[in-house]
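**Student:** sequence below, structure please.
(one chain, ligands or ions: 1)
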Amino acid sequence: MDTNKEFLDNLQISQLPDNVLLIHQIKTSSQFSCSDGLLILPKENRNKVAIAIDLNIEPEYIQAICNTYGPVSDFVNTHAHMDHAAHVYVWEQLGATIHAPNPEARYLTDLYQFYKGYGWDEKHDFSLIQQFAELNRFKACKNIKTFDPGDTLIFENIILETIPFSGHSKSHVGFLLPAEKILHLSCLGFDQPSPGIDGFGPWYGFKESSIDQYLKDIDHAESIYREKTDILTSAHAHIVREPDTDIFDYMRQKIHTRQQIIDQTLRTLSPQLEIEDRVSKLLEMDLFFPKHRIKGFLKDIYAFWESWIIMHHVEKSENKSRGSV
Ligand SMILES: [Zn+2]
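**Tutor:** Modelled structure (predicted):
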């Protein structure tokens with residue numbers, strides 16, 4: 001049996017202009033273990049060796065990609081959430097230099113830094129994150145070459161501008177390929193696997209995330225897309241081409257709807273409650289995740305994420321009501 005073909009059959013490989021591919025692993029062994037990314041194949045007068053952009057797929061698939069398209073000299077990561085971090089070590093083992101943004105870069109080499117850096121240590125033991133890492137087959141990288149969000153990276157004649165989108169996580173970046181006119185949003189929050197199919201939307205389930213920053217990031221992404229590119233790709237979504245701009249309203253609407261849900265539900269709670277108690281009450285209502293259906297340690301993971309999503313909305317609610325007094 002040709003196992004290479006078997007693995008390639010579970011990949012959706014979309015051809016973009018200028019020998020750039022968007023790659024998506026169709027079936028995955030865990031919900032949080034993969035993100036779509038780009039493979040920039042060799043092109044005359046541009047690059048002799050391929051580079052990979054935030055393509056975090058399972059180890060066998062990375063091997064199949066390298067068998068098919070040849071070696072990859074560099075891998076560029078967008079941020080260190082599990083779905084972007086779990087398998088990066090495989091690219092390193094296959095000879096690629098790994099590039100990642102400060103300060104999250106160090107989470108790729110040390111799971112304990114991942115645990116501390118995203119604030120899990122404030123509510124949970126390290127064993128929770130060890131189980132989460134095992135579920136997603138995470139292994140640490142050995143060496144990372146770091147960059148700062150906003151830096152421009154150059155590989156042979158490939159120009160890769162990194163765009164800070166820090167509403168999602170503190171060093172989360174998107175990428176602009178100006179010559180190829182491609183904007184890769186990574187995890188900004190456009191997550192419709194195909195047009196019309198709904199996803200969760202913008203994700204701010206950590207203390208460091210910010211809804212206000214998110215809204216600025218969406219505006220920023222929209223202006224880059226409208227002014228400089230023809231094609232927009234994401235970590236968990238279908239390809240968008242000019243002149244389609246619906247995705248920006250999709251993301252804004254998701255945030256707006258969640259805010260309305262929180263504003264309305266807060267009115268049913270006693271205003272005397274401390275903010276933490278209000279968040280706990282809202283969390284028990286399973287407003288965003290059906291946690292009553294989730295089993296084992298993942299229930300704690302979801303509750304952690306949702307508590308921060310709720311907290312950010314409750315804070316916005318409070319600011320609004322303070323502003324209106
Ligand atoms: Zn993320």
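
**Student:** in this structure residue 187 contacts residue 35, no?
**Tutor:** Yes. At 7.4 Å, residue 187 and residue 35 qualify as touching, with contact defined as C-beta atoms under 8 Å. Bear in mind the C-beta positions are built from the backbone N, C-alpha and C, glycine included.

**Student:** which residues touch the residue of the stretch 151-300 of the chain found nearest the ion?
**Tutor:** Closest to the ion within the stretch 151-300 of the chain is residue 187: 3.6 Å, counting by C-beta to the ion. Contact partners of residue 187, counting by C-beta atoms under 8 Å, 6 or more residues apart in numbering, are 35, 78-79, 81, 83-84, 168-169, 172, 203, 234-236.

**Student:** which bits of the stretch 51-200 of the chain sit near the ion?
**Tutor:** 81, 187 (C-beta under 5 Å from the ion).

**Student:** got phi/psi on residue 237?
**Tutor:** Phi and psi for residue 237, reported as degrees, to the nearest 10, are phi -150, psi 170.

**Student:** with secondary structure and pLDDT as extra columns, can I get the contacts of residue 187 in JSON lines?
**Tutor:** Shown next, in JSON lines, are those (DSSP: H, G, I helix; E, B strand; the rest coil; pLDDT from 0 to 100):
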{"residue": "35", "secondary structure": "strand", "pLDDT": "97"}
{"residue": "78", "secondary structure": "coil", "pLDDT": "98"}
{"residue": "79", "secondary structure": "coil", "pLDDT": "98"}
{"residue": "81", "secondary structure": "coil", "pLDDT": "97"}
{"residue": "83", "secondary structure": "helix", "pLDDT": "97"}
{"residue": "84", "secondary structure": "helix", "pLDDT": "98"}
{"residue": "168", "secondary structure": "coil", "pLDDT": "97"}
{"residue": "169", "secondary structure": "coil", "pLDDT": "97"}
{"residue": "172", "secondary structure": "coil", "pLDDT": "98"}
{"residue": "203", "secondary structure": "coil", "pLDDT": "95"}
{"residue": "234", "secondary structure": "coil", "pLDDT": "96"}
{"residue": "235", "secondary structure": "coil", "pLDDT": "96"}
{"residue": "236", "secondary structure": "coil", "pLDDT": "93"}
